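Colleague: can't give you the sequence, but here's the structure:
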DNA sequence: AGGTTATTTAACCGATGAGCTAAGTACATG
DNA sequence: CATGTACTTAGCTCATCGGTTAAATAACCT
């Protein structure tokens, strides 16, 4: 019954309250009370949101006396970015320019391109990341 | 009642079936039948998933005779990537290195840093994108 | 017109999700 | 120890979601 990690991360991000909480946390670690302030919502509701975010790996929580300070956790963000990388060529112009360059460099394949799909495609899964600002 | 665009996009991405459909579409435009094949699921279910993806702006659909070919639509992907950019500094090392460089260049602020938050932070909203592979 | 293929709509069901209030836990301090 | 502060858990409601089957629509092909 538990969703795969990427699904729970996306699900966690699919709520404006939770995204606002993350935006606040991007400014620095803070308490639940502090996080709750901007919202016209009960504290338990915020508590639940935080649990969802934590479960999704988007935040982590510490303990300091009666406070449970929250902070951004990088890993899930990274995973989302990685997944998104598989589609980057669809909108990122500079990405495409670079891809085109790499394309030209291995012309040996160009002659036997299969006519199956519309565009020429190399899926190259995760490999996409890491080429951007190395 | 309708969610904001970013929320519906994230919600659409929070399902493994839909992500698999997108992965298939990354290989090129194709029909509903073709998209349905890999899944042990009724056709109406797939049809619903496609409607969700379309509504989220992640795909667009054409008409060719009795087929409704689907293809990736870039805009929502781009928006997600843009939003994610606000958090890139939390995981992308090279991003941080570049940020540190920019930091050093404007040292005039370094002396009067406020002790309010843990890290030194400039929010710089969307501006983050576009510096990667210019 | 009548049939086949491709896809959507309608109507339903069980599970999950976001919100609430009320009560419980954990720590700090008078 | 009693009270206050900072949360979390429990239990409820209502809406939405992912799936189903059955029927409808749409376009092609005799």
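Modeller: Ah, there it is. Not measured: the values here are computed from a predicted model. Numbers count the residues shown, from 1 in each chain, chains lettered A, B, ... in the order given.

Colleague: quick one: the helix or strand encompassing residue A:11 to chain centroid distance?
Modeller: Taking DSSP states H and E as the definition, residue A:11 sits inside helix A:5-13. Using CA atoms, centre = their mean, to the nearest Å, the distance from the centre of helix A:5-13 to the centre of the chain it belongs to is 9 Å.

Colleague: would you mark the buried spots in that helix?
Modeller: Using 16 or more other CB atoms under 10 Å in any protein chain shown as the test for burial, helix A:5-13 gives A:6-13. Glycine gets a C-beta too; all of them are placed from N, C-alpha and C.

Colleague: DNA strand C next: which of the residues you listed are close?
Modeller: When contact is defined as CB under 7 Å from any atom of the strand, those meet DNA strand C at residue A:11.

Colleague: follow-up on the earlier one: does the helix holding residue A:11 reach DNA strand D?
Modeller: No. Helix A:5-13 stays clear of DNA strand D (CB under 7 Å from any atom of the strand), getting no nearer than 8.5 Å.

Colleague: closest one to residue A:53 out of the buried residues of helix A:5-13, please.
Modeller: Closest to residue A:53 out of the buried residues of helix A:5-13 is residue A:12 (5.5 Å), distances taken as CB to CB.

Colleague: wait, isn't that closest one in contact with residue A:52?
Modeller: Yes. Assessed by CB atoms under 8 Å, residue A:12 is found in contact with residue A:52 at 5.1 Å.

Colleague: now do the shared contacts for the two.
Modeller: residue A:18 (CB atoms under 8 Å, 6 or more residues apart in numbering or on different chains).

Colleague: next up, the contacts around residue A:14.
Modeller: Counted by CB under 8 Å, 6+ apart, residue A:14 has contacts B:3, B:7-8, B:10-11, B:13-14.

Colleague: and if you look at residue A:39?
Modeller: A:17, A:20, A:45-46.

Colleague: quick one: it from chain B, how far?
Modeller: 15 Å (CB to the nearest CB, to the nearest Å).

Colleague: and that residue, which of the three is it?
Modeller: coil (DSSP: H, G, I helix; E, B strand; the rest coil).

Colleague: now the strands for chain A?
Modeller: Ranges of strands within chain A are A:59-61, A:70-72, based on DSSP state E.

Colleague: does the last one reach DNA strand D?
Modeller: No. Legend: contact between strand A:70-72 and DNA strand D by CB under 7 Å from any atom of the strand is lacking; minimum distance shown is 8.2 Å.

Colleague: surely residue A:89 meets residue A:95?
Modeller: Yes. Using CB under 8 Å, residue A:89 is in contact with residue A:95, at 5.6 Å.

Colleague: out of those two, which sits in the busier spot?
Modeller: Legend: neighbour count by other CB atoms under 10 Å in any protein chain shown for residue A:89 and residue A:95, higher for residue A:89 (21 against 18).
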